[in-house]
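prediction below, plus the sequence it came from.
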Amino acid sequence: MKDAIKEILLTIKDEQIKERILRLHADILHEMQTRPSSVRYHHKTEGGMYRHVHEVMVNALAIYNLTPELYSCTRDEVILATYVHDLDKLDRYIPNQDEWRKKKFDQDFDYNPDVIVVNQTAKVVQVCAEYGILLSDLVLNAVTFHHGGFASDLASVYPAAQSHAMKPLSILLHCADLISSHIQGKGN
């Protein structure tokens, strides 16, 4: 079976980043292909994580390629940010063993009670660091704000986060993520 995400990762120009991200991808591919991207909202079935990440990558690159000068970043940074944006979800969900809840809520997966909850961006940084992938401030900003112009854990500490912190790459990632989660992944 063709690995569409790997095909995009292979286009990264920075050879060091490419080698490390491909190693990470090889190690997590099974989880991406067997886990959902959420338990209730979008891409909630087996393989939803893979489909969602691929859609976000394709969407972001399509938008970026129209006018790359608007985003003050490289194509490699778009690929990296879109690929890692949801790495915090890799161990968050487990198959739902409760048949009643599975049928009542149409929920094949549930939250993993053994996962220690940490800041989503911190978890992404941890996973990347294990592979020697250091994320730039721009990519960190995009990952942190990929759900929009707020991040509940930052807004209380950094009031300007609500209105000024999103950089063009964050906006691009947010839009690509919205298209995938609210249009492409609905009902799935």
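The structure has been received and is ready for your questions. Numbers count the residues shown, from 1 in each chain.

so where's this protein uncertain?
1, 149-164, 187-188 (pLDDT under 70).

ranges for the strands of it?
With strands called from DSSP state E, the chain shows them at 93-95, 109-111.

what's the first one packed up against?
Spelled out, it's strand 93-95. strand 109-111 (3 or more Cβ pairs under 8 Å, 6 or more residues apart in numbering; DSSP states H and E). Glycine gets a C-beta too; all of them are placed from N, C-alpha and C.

and the helices in this protein?
4-9, 15-34, 48-66, 75-84, 99-105, 120-129, 137-144, 152-155, 161-164, 168-178 (DSSP state H).

out of those helices, which one sits most buried?
helix 75-84 (a mean of 24; mean count of other Cβ atoms under 10 Å).

before we move on, the earlier item: Tyr41: which of the helices of the chain is closest?
helix 48-66 (10.2 Å; Cβ to Cβ).

what sits up against the closest one?
The contact list for helix 48-66 (Cβ atoms under 8 Å, 6 or more residues apart in numbering) reads 4-5, 8, 29, 31-33, 35-38, 42-43, 71, 75, 78-79, 81-83, 85-86, 89-90, 172-173, 175-177, 179-181, 184-185, 188.

change it to 7 Å
By Cβ atoms under 7 Å, 6 or more residues apart in numbering, the residues outside helix 48-66 that reach it are 4-5, 8, 32-33, 35-37, 42-43, 71, 75, 78-79, 82-83, 85-86, 89, 172-173, 175-177, 179-181, 184-185, 188.

also stretch 107-122?
Outside stretch 107-122, the residues touching it (Cβ under 7 Å, 6+ apart) are 36, 39-40, 44-46, 88, 91-96, 101-102, 140, 143-144, 153.

next one: stretch 71-88
Against stretch 71-88 from outside (Cβ under 7 Å, 6+ apart): 8-9, 12-14, 17, 21, 37, 52-53, 56-57, 60-61, 64, 120, 123-124, 127-128, 136, 138-139, 142-143, 146, 168-169, 172-173, 176-177.

give me the distance from it to the chain's centre.
What separates the centre of stretch 71-88 from the centre of its chain is 9 Å, taken as Cα atoms, centre = their mean, to the nearest Å.

stretch 141-151 too?
On Cα atoms, centre = their mean, the centre of stretch 141-151 falls 11 Å from that of its chain.

sorry, back to before: how about TSV for the helices of the chain, with distance to Pro113 added?
Output for the helices of the chain, formatted as TSV (distance: least, Cβ to Cβ, whole Å):
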stretch	distance to Pro113
helix 4-9	29
helix 15-34	18
helix 48-66	19
helix 75-84	25
helix 99-105	14
helix 120-129	17
helix 137-144	25
helix 152-155	22
helix 161-164	30
helix 168-178	26
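
measure Lys186 to Val78 for me?
24 Å (Cβ to Cβ, to the nearest Å).
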